[in-house]
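Visitor: A predicted structure for the sequence below; I have some questions about it.
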Amino acid sequence: MANGRLREAILNAGLTPLSLAERVGVSPKTAERWITLNRVPYPRHRHAIAGLLKERESYLWPNAASPERVARVAESEVVHVYSRRSAVPYDLWRRLIEQSSERIGILVYAGLFLPELVPTLIRDLQERALAGVDVRLLLGNPESEAVAQRGAEEGIGDAIAGKVRNVMAFYNQLQDVPGVHARFHSTTLYNSIYRFDNEMLVNTHAYGFPAAHAPVFHLRRLSGGDLFDTYADSFDRVWSSAAPIWPPPVAG
């Protein structure tokens with residue numbers, strides 16, 4: 001059976017089997033076998049191909065790595081664990097934002113602390129978006145049952161809905177910036193996710209505690225791992241079910 005995922009990824013990257021073979025340093029016949037016969041490349045070639053195609057090894061070759069190896073790599077994706085969100089260094093937030101070159105994703109209910117912690121956040125996001133970074137903001141729908149339930153669990157009533165409305169005063173400044181997209185979600189939020197290219201801060205949620213008092217995992221994606229991708233996929237699932245906050249631009 002042919003490897004359709006690899007074939008499609010090569011086409012999406014604007015390459016051909018021949019050009020891929022040249023870039024990786026193998027014969028054209030070898031590259032063709034990877035596609036038509038679903039032959040699995042050597043690990044060094046898988047790593048190079050995944051980098052060129054900007055795809056995950058686990059996506060292109062789901063059965064290439066043993067579960068044990070995937071587990072070992074996933075453990076290495078954990079850069080640091082912070083006991084609570086306030087322990088995450090300010091300089092780390094700044095570096096992750098400023099060095100992003102492809103995508104920034106924020107999944108929260110409100111996350112009001114972030115523009116308060118980083119006073120230049122709105123300007124930074126605008127600059128990143130104008131430089132070609134895909135900026136996606138996912139905020140809790142203040143009218144949703146999920147947001148109300150979270151406030152009840154923390155014993156703060158409808159305060160979270162109020163925080164969502166407050167944070168929108170910041171993010172509304174980005175409404176007309178190309179490359180910035182914002183949506184309301186109504187999902188149960190098990191983690192707040194802050195993604196910056198291939199690094200991520202995952203703020204776990206604990207019943208009865210505000211997110212600021214819960215641990216944060218600093219993750220960095222590694223080829224062959226699946227921990228980072230688990231949270232990246234979770235972000236994408238919420239995004240696909242969320243509703244745009246801002247109306248589409250008027251044509252003409």
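Guide: Yes, it's here.
Visitor: low-scoring stretches of this structure, by residue?
Guide: For the chain, the stretches flagged by pLDDT under 70 are 65-74, 224, 248-252.
Visitor: tell me which element the residue of it most remote from its centre falls in.
Guide: Using C-alpha atoms, centre = their mean, the residue of the chain lying farthest from its centre is residue 29. It sits 35.9 Å away. Using DSSP states H and E, residue 29 falls within helix 28-36.
Visitor: The following helix or strand past that helix packs against which elements?
Guide: Tracing the chain C-terminally past helix 28-36 and defining elements by DSSP H and E, one meets helix 43-53 next. Applying 3 or more C-beta pairs under 8 Å, 6 or more residues apart in numbering; DSSP states H and E, we find helix 43-53 packed against helix 4-12, helix 17-24, helix 57-60. The C-beta positions use only the backbone N, C-alpha and C, and glycine is treated the same way.
Visitor: Check which residues of helix 43-53 are buried.
Guide: Across helix 43-53, burial judged by 16 or more other C-beta atoms under 10 Å covers 45-50, 52-53.
Visitor: Now flag whichever of these is closest to residue 153.
Guide: residue 50 (40.3 Å; C-beta to C-beta).
Visitor: Provide a list of residues in contact with that closest one.
Guide: Residue 50 sits next to 56-57, 60, 223 when contact means C-beta atoms under 8 Å, 6 or more residues apart in numbering.
Visitor: re the thing from before, pick the most deeply packed of the helices and strands packed on helix 43-53.
Guide: Most buried of those, by mean neighbour count (mean count of other C-beta atoms under 10 Å): helix 57-60, with a mean of 19.
Visitor: Residue 36 and residue 2 touch, don't they?
Guide: Yes - taking C-beta atoms under 8 Å as the definition, residue 36 is a contact partner of residue 2 at 5.3 Å.
Visitor: Show me which pair in the contacts of residue 50 is furthest apart.
Guide: That would be 60 and 223, which, of the contacts of residue 50, are the farthest apart (C-beta to C-beta) at 10.3 Å.
Visitor: rewinding a little: next one: the residue farthest from the centre of the chain from residue 15, what distance?
Guide: Separation of residue 29 from residue 15 (C-beta to C-beta, to the nearest Å): 17 Å.
Visitor: buried residues in the lengthiest helix in the chain?
Guide: Longest helix of the chain, by residue count under DSSP state H: helix 227-241. Using 16+ other C-beta under 10 Å as the test for burial, helix 227-241 gives 227-229, 231-232, 234-235, 238-239.
Visitor: which of these lies closest to residue 165?
Guide: Of all the buried residues of helix 227-241, residue 238 has the smallest distance to residue 165: 19.9 Å, by C-beta to C-beta.
Visitor: and that closest one, what does it touch?
Guide: The neighbours of residue 238, taking C-beta under 8 Å, 6+ apart as the test, are 107, 138, 185, 187.
Visitor: Any chance of a markdown table for those residues, columns secondary structure and distance to residue 217?
Guide: Compiled in a markdown table, those are given as follows (DSSP: H, G, I helix; E, B strand; the rest coil; distance: C-beta to C-beta, whole Å):
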| residue | secondary structure | distance to residue 217 |
| --- | --- | --- |
| 107 | strand | 14 |
| 138 | strand | 18 |
| 185 | strand | 21 |
| 187 | coil | 20 |
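Visitor: Pick out the most distant pair among the buried residues of helix 227-241.
Guide: Spanning the widest gap among the buried residues of helix 227-241 are 227 and 239, at 19.5 Å by C-beta to C-beta.
Visitor: Wait, residue 27 touches residue 21, no?
Guide: Yes - Residue 27 is in contact with residue 21 according to C-beta under 8 Å; the separation is 6.3 Å.
Visitor: what sits against residue 162?
Guide: Residue 162 makes contact with residue 142 under the criterion C-beta under 8 Å, 6+ apart.
Visitor: Sorry, wrong one. I was asking about residue 15.
Guide: Residues counted as contacts of residue 15 (C-beta under 8 Å, 6+ apart) are 23, 52-53.
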